[in-house]
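# need a structure here:
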Amino acid sequence: MTTASSARLLVALLLVVVGGAGCLATSGSPAASRTGPITQEEAAGSSARNAYDLVQNLRPQWLRGRGAQSILNPRPVPPVVYIEGIRESSLDALRRLDVTSILLIDYLGAADATTRYGTGHTGGAILVSLRR
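The predicted model follows:
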């Protein structure tokens with residue numbers, strides 16, 4: 001490899017490293033708060049009345065269905081809701097939870113939800129932990 005080639009490679013690598021560093025989210029940044037779990041503190045600062053509204057306001061992407069149910073049914077698959085580890089029948093279960101009762105709400109993508117809970121999680125999973 002020539003010196004000029006080595007220099008071009010080094011510059012290209014630096015551009016990738018420096019450019020990519022701007023995309024990383026740190027724990028206090030707005031980008032991190034939009035993708036991480038919804039905490040009790042974040043819920044308390046919200047005007048939402050129930051968990052569904054809270055998720056809709058703070059992490060609307062969690063509620064969007066992903067992928068088709070089947071070839072015959074192209075509707076997207078919604079996420080499965082788990083409250084304190086118990087599978088609920090639909091997203092409407094979130095509407096029954098008052099914001100003040102929430103400790104943490106998190107989202108698992110399809111692969112992680114399938115690994116943890118088994119098949120049937122094409123839309124991922126929303127996990128809710130309640131205050132005691």
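# tell me the pLDDT of Thr122.
Model confidence at Thr122, expressed as pLDDT, equals 89.
# which residue is the nearest non-sequential neighbour of it?
Spatially, and ignoring its direct neighbours in sequence, Thr122 is nearest to Val77 (4.2 Å; C-beta to C-beta, 6 or more residues apart in numbering). Heads up, the C-betas are built off the backbone N, CA and C, glycines and all.
# next, give phi and psi for the one you found.
Backbone geometry at Val77, expressed as degrees, to the nearest 10, gives phi -90, psi 120.
# ok, now Pro37?
Pro37 adopts backbone torsions of phi -70, psi 160, taken as degrees, to the nearest 10.
# wait, it sits on Leu104?
Yes. The pair Pro37 and Leu104 passes the contact test of C-beta atoms under 8 Å, sitting 5.3 Å apart.
# how about the strands in the chain?
In the chain, strands defined by DSSP state E lie at 38-39, 66-68, 76-77, 80-83, 86-87, 102-108, 125-130, listed in chain order.
# including distance to Pro60, could these go into JSON lines?
Compiled in JSON lines, the strands of the chain are given as follows (distance: least, C-beta to C-beta, whole Å):
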{"stretch": "strand 38-39", "distance to Pro60": "12"}
{"stretch": "strand 66-68", "distance to Pro60": "13"}
{"stretch": "strand 76-77", "distance to Pro60": "14"}
{"stretch": "strand 80-83", "distance to Pro60": "15"}
{"stretch": "strand 86-87", "distance to Pro60": "22"}
{"stretch": "strand 102-108", "distance to Pro60": "11"}
{"stretch": "strand 125-130", "distance to Pro60": "12"}
